[in-house]
Structure formats: structure tokens, C-alpha cells
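Structure of the sequence below:
(one chain, ligands or ions: 2)
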Amino acid sequence: MPKVLVCDPIDQAGIDILSQVAQVDIKTGLPVEELMKIVPEYDALMIRSGTRVTADIIEAGVQLKIIGRAGVGVDNVDVPAATRKGIIVVNSPEGNTIAAAEQALALMLSLSRHIPDANQSVKNGQWERKKFVGTEVYKKTLGIVGLGKIGSHVAAAAKAMGMKLIAFDPFISAERADQLGCRLVDMDVLMQESDYITLHIPKTPETANLINAESLAKMKPTARIINCARGGIIDEAALAEALKNGQIAGAALDVYASEPLGESPLTELGKEVILTPHLGASTTEAQVNVAVDVAEQIRDVLLGLPARSAVNIPGLHPDALEQLRPYLQLAETLGNLVSQLVGDRVESLNIHLQGELANNQSQPIVIAALKGLLSRALRERVNYVNASIEAQERGIRVIETRDASICDYKGSLLLQAKGPSEEHEVTGTLLGDGEIRITMVDGFPINVPPNQHMLFTRHRDMPGIIGKIGSLLGSFNVNIASMQVGRQIVRGDAVMVLTIDDPLPEGILEEILKVAGIRDANTVML
Ligand SMILES: NC(=O)C1=CN([C@@H]2O[C@H](COP(=O)(O)OP(=O)(O)OC[C@H]3O[C@@H](n4cnc5c(N)ncnc54)[C@H](O)[C@@H]3O)[C@@H](O)[C@H]2O)C=CC1
Ligand SMILES: O=C(O)C(=O)COP(=O)(O)O
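Numbers count the residues shown, from 1 in each chain. Ligands and ions are numbered 1, 2, ... in the order given. Take a look at the predicted model:
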């Protein structure tokens with residue numbers, strides 16, 4: 001039974017799902033050294049923001065197949081290191097969207113009405129109505145940095161409260177912003193015009209310290225900033241300074257450069273600052289959502305099925321993936337086949353998407369072909385996660401072309417692979433029932449389903465040659481399941497493709513190559 005280590009508090013609904021297929025050990029708050037020590041035993045890790053999965057932990061996790069982040073941000077996982085090792089990293093992109101958006105809105109209103117300090121004051125026995133006079137958000141300008149899932153929900157709610165919306169997100173179209181009632185502006189304008197600024201961007205090298213002394217200096221003295229995204233996007237020392245100097249009116253933070261926050265100039269400030277301990281995703285609903293979402297993906301991967309929200313497999317919606325799945329199988333089979341025909345190291349791979357296939361998203365098909373191509377050398381170590389990197393590191397040149405006008409079949413895939421001494425090409429398609437057919441080998445038309453054991457020959461089309469190969473195989477007790485010859489001209493060059501029931505015994509290939517007219521022979525295992 002596979003083993004899953006749960007390193008952070010996860011809702012029981014997720015644990016129940018994992019327990020159906022794995023031994024689940026819950027060990028939260030482990031010191032790094034402890035985690036390093038036990039991680040080699042585990043097939044999967046399930047984490048939240050509390051655990052840092054560093055390159056060292058990934059290196060030590062010799063059995064790891066998947067790291068599941070029950071939440072959105074994967075900045076606490078060394079994703080490139082996981083990718084290199086073929087470990088899938090999944091998250092729950094939508095499970096806590098509403099929770100995080102509501103936290104940002106709650107903080108915005110808390111800031112504008114001094115709720116936390118007013119509450120504390122009453123609890124302290126005071127009645128300070130004058131001290132806590134607030135401001136309205138109605139008709140004020142909200143600047144949203146990052147108009148993705150959370151930013152969009154904040155926009156909708158803020159719009160309903162009568163706020164004017166501006167946004168900075170270089171990856172969002174003006175049409176999408178328009179739909180949300182947002183005007184797209186650049187970062188400088190957003191800093192200058194906003195009464196409230198809310199951050200909903202991932203932590204990346206580009207967004208680290210995006211809000212710094214220089215940008216804070218552009219804000220209105222009455223403006224307030226909210227960060228429910230990630231610590232480190234705001235320079236905390238610069239923010240504390242801006243608040244202390246009255247350069248800006250307030251800030252509410254849920255996330256910090258280092259968590260738990262500990263000692264910080266921010267904790268010494270007054271009612272202009274509200275600090276919460278990374279609670280954005282901490283609602284009952286969100287915790288069930290993310291736990292179930294990620295546990296299901298871990299379960300599926302452990303059962304050999306694909307994950308729907310892998311962050312290190314090229315982005316594809318599950319529905320699209322489902323539709324493409326037969327083509328991925330085709331690409332993988334052809335990649336494996338052509339690599340065995342080349343025999344040697346493959347230096348370049350041309351991938352031609354033809355007919356209907358040319359209209360599909362090509363990246364997953366390219367990756368599937370590379371996975372197939374590399375599986376001869378890397379076996380189960382290559383997967384959809386690391387196939388591209390492995391190919392790149394081996395210096396394999398990948399060229400992709402598409403031609404929708406080629407329509408012998410509904411859609412077909414042609415792979416041409418070149419090695420130091422040999423070059424081969426194979427074409428394949430899918431029949432109506434999704435079955436794979438190899439339709440061309442080295443330019444010769446055939447129609448063969450892939451088989452576990454196959455024999456491919458190149459020969460001169462002449463009488464008797466097929467019989468000779470047949471009896472030779474018979475003399476070695478090899479049972480032929482099917483045999484086909486493809487040729488372009490009578491008595492010219494031809495290919496013969498045999499599917500056989502067992503692996504070819506030692507020595508038989510040499511005998512086949514001795515048959516007059518045979519130019520080349522390859523065994524293939526698929
Ligand atoms: N406080 C908490 O507990 C939670 C925090 N989060 C954080 O919120 C972030 C946003 O989450 P979602 O909205 O679900 O992600 P998302 O991927 O749907 O949206 C992120 C948006 O940021 C934009 N973006 C990326 N780089 C940018 C840049 N340099 N400048 C401006 N915009 C940029 C993207 O185009 C995208 O539209 C997450 O990355 C996560 O770190 C998410 C959930 C809970
Ligand atoms: O989903 C995210 O990105 C979050 O920041 C939530 O973090 P958490 O799972 O509550 O530790």
C-alpha cells in the first residue's frame with residue numbers, strides 16, 4: 001500500500017479519501033531534520049503553507065510521486081526541483097477563492113471602520129465613539145493588483161458596494177477587466193489613484209517587494225493597503241515606515257515574509273494596522289474544498305490516473321485532457337516506436353500534427369511523444385512532468401509542425417526521429433473506437449495496431465521473402481499474430497511489420513538479416 005505523509009492540518013474529508021488507497025500518516029509541525037529523515041518512506045506529501053518542501057527534501061524523497069498543496073500558493077514548494085525528478089505538484093486552484101476574497105474584503109472594511117481596535121476598546125470597558133470614526137468605501141477607488149480568481153471575486157463584491165475599480169494585471173485582457181467593471185491601469189497609476197489597494201498576485205521573483213518604499217511614496221496619504229496574497233510582496237520594513245510617518249493611512253496584512261510573524265515593527269503600530277495570522281483560506285468550507293480536491297488528486301495519481309490541477313504539467317483543462325487522452329496514447333506509442341527504430345540516441349524529433357489533430361492544443365501531444373521517445377532510456381522515470389526537461393537536457397531538438405489539410409484519416413500524427421546514423425518516421429491515427437493504428441512506416445503505407453512484441457523489416461519486394469521470414473520464425477517457435485507488407489512500387493523497397501506473441505529469441509535477428517533481400521530488421525517492444 002502506498003504511504004502518504006500529511007504535514008499540515010488538513011480537513012478529515014481529505015484524510016478519508018486518502019485512506020481508501022494509502023496508509024496515511026499525519027505528522028504536522030515536523031522539524032526539517034525529522035521530515036528529511038522520514039520522507040524517503042513516502043509516495044506522497046500533503047501540505048499547506050506551513051511546510052517548506054525544499055530541493056533537499058525532494059532529493060531525499062526517493063519514492064515521492066506527488067506533492068499535494070491543499071491550497072493555491074505553491075511558493076513553499078521547490079517546483080523546479082520536483083519537476084526535474086518527475087514529481088507531480090498539484091494544488092487546489094479554486095477551493096479557497098471565496099474564503100481569500102472574503103478575508104480581503106473583511107480586512108478592507110475592518111480598516112475603514114477600525115473594527116478590531118473598537119472591539120478591544122469596548123472589551124476594555126471603554127466607550128470611545130469619537131476615536132473610531134471611520135470612512136466609507138462607497139464611491140472610493142479600489143485598486144486590485146492581480147485580477148485572477150480571487151481578485152475577480154473581490155471586484156464583483158466591491159462593485160456591489162459602489163466602489164470604483166481599477167486594476168493592474170498585465171496578463172488579463174481589457175475585455176475581461178471590462179466585464180468585471182474594472183479599468184486596467186499601470187502600477188504607478190494604481191498606486192496614485194487608489195483609496196484602497198488589495199493584492200491578489202502570486203509570489204514570484206517579479207512580484208517580490210513589488211510594494212516598496214518607492215511605490216508606497218506614490219500612494220495618497222489617506223490610502224490603505226491590504227495583502228491577503230503572499231508575504232514578501234510588500235517590503236514590511238518600508239510599509240512600517242510609511243505608516244509611522246503618516247505617508248499612508250493604513251494597512252491590513254494576512255501574510256508575511258516570514259511566518260509566524262514574530263518580532264516586527266508592524267506589531268508596534270496602532271489602529272492603522274490590522275494583522276491576521278494567514279487566515280485567508282481558513283474557513284470550514286474552504287478547508288473541506290481544498291482537502292477533498294487535493295486528496296482526490298493524490299489518490300488518482302497513486303492509482304496511475306492523471307491529476308486535474310498539476311502545476312508542473314502543461315496547463316490543460318481536465319475536459320480537454322479527457323478529449324486528448326487517446327491522442328496522447330497515440331503520441332506516446334509512436335514516440336516509443338520511432339525511438340526503437342532509430343535504435344541509437346535520438347538527436348531530433350519532428351512532430352507533425354495532421355488533419356483534425358492540427359487544430360488541437362499541441363503541447364501535451366509533444367510531451368506525450370517525448371515521454372514515449374525517452375521511455376526506452378528512462379523507463380518509468382520519465383513522465384508527463386519531466387519529459388520536456390529530460391529531452392532538453394539530452395539536447396534533443398524538437399520541431400513541431402501542423403497541417404490541417406492532410407486528411408487521409410480524421411487526424412494523424414507523424415513522428416520523424418533522427419539519430420547519429422539512422423532516421424525513421426512513423427505515422428499513426430485513431431480509429432472511430434479510439435484504437436491506435438500505425439498507418440505508415442518510413443513512408444510505406446501499412447495498417448497495423450501496435451502490439452507488445454513486433455518485428456519491422458526493410459526489404460526488397462520479391463517472391464519468397466515473406467515465406468522465408470515466416471518459416472524462420474516458425475523454426476524458432478515464434479508465433480506470428482499478424483503480418484503486413486507496405487510497398488510503394490512493385491518489386492521496389494518494402495517494409496514488413498509482424499506482430500508476434502512472444503519476444504524474439506536471442507540470435508534470430510541475425511538470421512533474419514542473413515535472408516537475401518532483407519536490408520534491415522528491428523524488434524520493437526511496446
Ligand atoms: N491568504 C491566504 O490564505 C491565501 C492566499 N492566496 C494567494 O492569492 C494569490 C492569488 O490567488 P488566485 O487569485 O487564486 O490566483 P490566480 O492565478 O487566479 O490569479 C493571479 C493573478 O495575478 C496575475 N499576476 C501574475 N503576476 C502578476 C504581476 N507581476 N503583476 C500583476 N498581476 C500579476 C495573474 O495574471 C492572475 O490574473 C495566490 O497566488 C496565493 O498566493 C490564495 C489563497 C489563500
Ligand atoms: O492557498 C493559499 O495560497 C494559502 O495561502 C492558504 O494557506 P493555508 O493552506 O491556509 O496555509
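
Now do whichever strand or helix holds residue 46: everything it contacts.
Assigned by DSSP states H and E, residue 46 falls within strand 44-47. Counting by Cβ atoms under 8 Å, 6 or more residues apart in numbering, strand 44-47 makes contact with 2-8, 10, 14, 18, 22, 39, 51, 53, 61, 64-70, 76-77, 294-295, 298, 301-302, all of which sit outside it. Yep, even glycine has a C-beta here, placed from its N, CA and C like the rest.

swap the cut-off to 7 Å and go again
2, 4-8, 10, 53, 64-70, 294, 298, 302 (Cβ atoms under 7 Å, 6 or more residues apart in numbering).

ok, now stretch 238-253?
Surrounding stretch 238-253, the residues in contact under the criterion Cβ under 7 Å, 6+ apart are 107, 110-111, 212-213, 216-217, 219, 221-227, 265-266, 269, 272-275.

tell me which parts of the chain are close to ligand 1?
Residues of the chain found near ligand 1, taking Cβ under 6 Å from any ligand atom as the criterion, are 71-73, 96-97, 100, 145-151, 168-172, 200-203, 206-207, 228-230, 254-255, 278, 280-281.

out of these, which are buried?
Buried positions within the residues of the chain next to ligand 1, assessed by neighbour count (16 or more other Cβ atoms under 10 Å), are 71-73, 96-97, 100, 145-151, 168-169, 172, 200-201, 203, 207, 228-230, 254-255, 278, 280-281.

check contacts around residue 227.
Listed by Cβ under 7 Å, 6+ apart, the contact set of residue 227 reads 199, 233, 234, 253, 254, 255.

The same query, at a cut-off of 10 Å, please.
Residue 227 makes contacts with 104, 107, 145, 197-201, 211, 233-234, 236, 239, 251-256, 280, as judged by Cβ atoms under 10 Å, 6 or more residues apart in numbering.

And what about the residue of the stretch 151-300 of the chain found nearest ligand 1, helix, strand or coil?
In the stretch 151-300 of the chain, no residue comes nearer to ligand 1 than residue 280, which is 2.4 Å away by Cβ to the nearest ligand atom. Counting by DSSP: H, G, I helix; E, B strand; the rest coil, the backbone at residue 280 sits in coil.

tell me the pLDDT at it?
Looking at residue 280, its pLDDT reads 98.

buried set for stretch 261-268?
By neighbour count on 16+ other Cβ under 10 Å, the buried set for stretch 261-268 is 261, 264, 266.

swap in stretch 497-515?
Of the residues in stretch 497-515, those scored as buried under the neighbour-count criterion (16+ other Cβ under 10 Å) are 497, 498, 499, 500, 504, 508, 512.

Restricted to helices, list those.
Secondary structure from DSSP state H places 508, 512 of the buried residues of stretch 497-515 in helices.

got CSV for the buried residues of stretch 497-515, with distance to residue 91 too?
Written out in CSV, the entries for the buried residues of stretch 497-515 read as follows (distance: Cβ to Cβ, whole Å):
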residue, distance to residue 91
497, 44
498, 47
499, 43
500, 45
504, 46
508, 51
512, 52
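
In a markdown table: the buried residues of stretch 497-515, plus pLDDT and distance to residue 369.
Shown next, in a markdown table, are the buried residues of stretch 497-515 (pLDDT from 0 to 100; distance: Cβ to Cβ, whole Å):
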| residue | pLDDT | distance to residue 369 |
| --- | --- | --- |
| 497 | 96 | 20 |
| 498 | 95 | 24 |
| 499 | 95 | 22 |
| 500 | 94 | 25 |
| 504 | 89 | 26 |
| 508 | 91 | 30 |
| 512 | 94 | 28 |
